[in-house]
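Undergrad: Sharing a model that was predicted from the sequence below.
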Amino acid sequence: MTTNSPAHSTVGNRDTGNSVSGATPIGLALLGVMTVAAAFVALIVAGVAAGDVFSPSGGAASDQGVWMATQAWATPLALTGLAVIFAGAVPLALRNVRSSISFRRDSMATGLPKILNSTNTDHTNTAHTHTSHTKENVR
Amino acid sequence: MSTTHSISTPSQRSTTPTSTPPAPSGAGRAATTSSRIPEAIPYKKDDWAQSMAKTMAWPMIGMGFMAVIGGLVAGIIGGVNFGDFFSPSGVTDDLGRAEVAVQLTGAFLFLGMALILSGITMTLVNIIRHLRDSGRDVQVALGAAPLQRSKPWTGLLTPWVMMMGLMAPMAAFVVGIITAVTVGDIDSAALADPGSASSADLADLGFVRAASAWLPGLRLTGLAVILLSVVLALVTIQRSIRFQGRRIAELAEGAPSTAG
C-alpha cells in the first residue's frame, strides 16, 4: 500500500534558484581580498611618500603628489574590493544556501513520509501479532 | 482467516492528540490544523516586506555595485588630477577638479556599499521566505496542514532597520553632492591657499571642511545600522530553522500514537 501523500506530487523543484559552483563565491571572495590587498600595498607606497614629504630634508612636490594621488584612488579601490565580496561572493554563497534548502526540502518531502510509514507499518504489524495471540488465548 | 490492516495515512498519523481529536476513520486526508508549538500559525503568503525583498534583492546589489564602480572612477579621476597638480606643469584648476572628485568618490562609494548591504539583507529575507515555503511543502507531503512560525520581533524589525540604515547613506550622498558642487564653486587658488580666499570662498571652504568631518561618520553609522538588519535577519533564519525542527518532531511524535 502506498502511503505517499498525493500532495507530495506538488513538491517539485519549484523556486529552487540556480545553484552555482561552490568555487565561484570563493573565487570572487579571493578576488576581492586581492583587490583590497593591492590597494593596501598602494597605500603603503603613499605612506612612504607622505613620510618623505615630512622628512627633515624636506620632500619634493612629487612626493606630495604621489601621496595625495595614490590615496585618492587606492581607498576607492579597497572599497571596490569589499564591494566585490559583498556584491558577488556573499550573495552567491547565500544563493547556494538557498538551493541547499531546496535540496533538503525535496529530500524531506520524499523521505519523511516513507520513514514515518515504515515506522507505522512496524507498529501495526506488532499490534496485529499481539491481537492474534490474544484471540488464540481467548479461544 | 485473513485480517487486513489499514495503514494509516500520513494525514491521519499527523493529527496531534493534544487539542484536536484523532481524525475519524474514513476521514480521508484530513489535515492537522493545530499544533502544540505556541508560535505556530497557519501558512501565510508574502507580506509587503517579503514581496519587496523578492523583487528588489538583486537590483539593489546591481545598483550598489555600479555606484561603487562610479566611485572608483571618480577616485581615479581625482588621483590623476592630484598628480597633475603636483607635476611641474600643474595648475590650480587641477586641484579644484581633484577636490570635487574626492567628494564625489565618497558619496558614490558609500551609497553603493549601503545598497549592496541592503541587497544582502533582502537576500537573507528571501532565504527566510524559501525556508517557510520549504516547510510548507514538507508538511503538505506529510499530509499535515502547513503551519509556519509567527514572525518573531527580529523579523518584524528587519525591514524597518534596513530602511533606516539606508536613509543615512542616502542623506549623506545628497550632502556629498552638495559639497562637491560647493567645492566646484570655490576659486582654485583659494583651495591651494585658503589665506588668499575671499569671504564667500572662505565660507564655502568652511562648509566643505565641516561636512568632510561629519559625513564619514554618518555614512559609517548608516552601514552599521544596515549590518544590524543583517544580524536580525540571521537571527530570524535561526528561529525559523528551530521551528521547523520542532514541527517535524511534533509530526513524527504524532505518528505511532495514532497508529497504535
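TA: Here it is on my side, so go on.

Undergrad: what sits against the nearest residue to B:D84 once chain neighbours are set aside?
TA: Using Cβ to Cβ, 6 or more residues apart in numbering or on different chains and skipping residues adjacent in sequence, the residue nearest B:D84 is B:D94, 4.2 Å away. In this view, the C-beta of every residue, glycine as well, is placed from N, C-alpha and C. Applying Cβ atoms under 8 Å, 6 or more residues apart in numbering or on different chains, we find B:D94 in contact with B:N81, B:F82, B:D84, B:F85.

Undergrad: hang on, the second one packs against A:M68?
TA: Yes - if you go by Cβ atoms under 8 Å, B:F82 and A:M68 touch, sitting 4.3 Å apart.

Undergrad: Need the overlap of contacts for those two.
TA: B:A98.

Undergrad: who has more neighbours, these two?
TA: When B:F82 and A:M68 are compared for neighbours, B:F82 comes out ahead with 28 against 23, by other Cβ atoms under 10 Å in any protein chain shown.

Undergrad: so where's the stretch 1-150 of chain B shaky on pLDDT?
TA: Scanning the stretch 1-150 of chain B for pLDDT under 70 picks out the ranges B:1-33.

Undergrad: all strands of it, in order?
TA: B:40-42, B:147-149 (DSSP state E, counting those that start in this stretch).

Undergrad: what are the pairing partners of the last one, and which direction each?
TA: Strand B:147-149 has its sheet partners listed here by DSSP bridges as strand B:40-42 (antiparallel).

Undergrad: what's in contact with the partner strand?
TA: Everything outside strand B:40-42 that qualifies as a contact, by Cβ under 8 Å, 6+ apart, is B:T33, B:A145, B:P146, B:L147, B:Q148, B:R149, B:S150, B:F243, B:R247.

Undergrad: Identify the farthest-apart pair in these.
TA: B:T33 and B:F243 (17.0 Å; Cβ to Cβ).

Undergrad: In chain A, which residue sits closest to chain B?
TA: Chain B sits closest to A:G65 of chain A, with a gap of 2.7 Å, by Cβ to the nearest Cβ.

Undergrad: For the closest residue to that residue other than its chain neighbours, give its distance to A:G59.
TA: Excluding the flanking residues, the one nearest A:G65 by Cβ to Cβ, 6+ apart is B:F86, at 2.7 Å. Distance of B:F86 to A:G59, computed by Cβ to Cβ, to the nearest Å: 11 Å.

Undergrad: the more surrounded of these two?
TA: B:F86 (21 against 16).

Undergrad: Now render the contacts of B:D94 as JSON lines, adding distance to B:L218.
TA: Shown next, in JSON lines, are the contacts of B:D94 (distance: Cβ to Cβ, whole Å):
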{"residue": "B:N81", "distance to B:L218": "26"}
{"residue": "B:F82", "distance to B:L218": "25"}
{"residue": "B:D84", "distance to B:L218": "31"}
{"residue": "B:F85", "distance to B:L218": "29"}
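
Undergrad: what about A:D106, how many neighbours?
TA: The burial count for A:D106: 19, using other Cβ under 10 Å.

Undergrad: That one is in what secondary structure piece?
TA: Element membership of A:D106, judged by DSSP states H and E, is helix A:90-138.

Undergrad: got a list of what the residue nearest to the spatial centre of chain A touches?
TA: By Cα atoms, centre = their mean, chain A has its centre lying nearest to A:A93, at 2.8 Å. Contact analysis of A:A93 by Cβ under 8 Å, 6+ apart lists A:P25.

Undergrad: Ok, A:A72 next?
TA: B:G75, B:I76, B:G78, B:G79, B:F82, B:A98, B:A101, B:V102, B:T105.

Undergrad: so it sits in a strand?
TA: No - with DSSP: H, G, I helix; E, B strand; the rest coil as the criterion, A:A72 is helix rather than part of a strand.

Undergrad: Who are the packing partners of the longest helix along chain B?
TA: When chain B is scanned for its longest helix (criterion: DSSP state H), the result is helix B:199-259. Applying 3 or more Cβ pairs under 8 Å, 6 or more residues apart in numbering or on different chains; DSSP states H and E, one finds that helix B:199-259 makes contact with helix A:90-138, helix B:10-13, helix B:92-141, strand B:147-149, helix B:153-185, helix B:188-192.

Undergrad: could you redo the last one with a cut-off of 10 Å?
TA: Applying 3 or more Cβ pairs under 10 Å, 6 or more residues apart in numbering or on different chains; DSSP states H and E, we find helix B:199-259 packed against helix A:90-138, helix B:10-13, strand B:40-42, helix B:92-141, strand B:147-149, helix B:153-185, helix B:188-192.

Undergrad: Can you say which of the ones you listed is nearest to A:T35?
TA: helix B:92-141 (13.6 Å).

Undergrad: From the contacts of strand B:40-42, pick the one nearest chain A.
TA: Closest to chain A, out of all of these and judged by Cβ to the nearest Cβ, is B:P146, at 9.5 Å.

Undergrad: Next up, the contacts around the closest one.
TA: A:7, B:31-32, B:42-44, B:132-133, B:135-140, B:247 (Cβ atoms under 10 Å, 6 or more residues apart in numbering or on different chains).

Undergrad: which residues of the stretch 151-260 of chain B score low on pLDDT?
TA: Short version for the stretch 151-260 of chain B, where the test is pLDDT under 70: B:255-260.

Undergrad: next one: chain A
TA: Where chain A drops to pLDDT under 70, the residues are A:1-20, A:22, A:120, A:122-139.

Undergrad: Run a quick check on B:A211 versus B:T179, I expect a contact.
TA: Yes - B:A211 lies in contact with B:T179 (Cβ atoms under 10 Å); the separation is 4.7 Å.

Undergrad: shared neighbours of these two, anything?
TA: B:Q103, B:A172.

Undergrad: Tell me how far A:V90 lies from A:L28.
TA: Separation of A:V90 from A:L28 (Cβ to Cβ) stands at 9 Å.

Undergrad: ugh, wrong one, I meant B:M164
TA: 29 Å.

Undergrad: before we move on, back to that, please render the helices and strands packed on helix B:199-259 as TSV that adds distance to B:V235 to the earlier fields.
TA: Below are the helices and strands packed on helix B:199-259 laid out as TSV (distance: least, Cβ to Cβ, whole Å):
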stretch	distance to B:V235
helix A:90-138	16
helix B:10-13	32
strand B:40-42	19
helix B:92-141	10
strand B:147-149	12
helix B:153-185	4
helix B:188-192	48
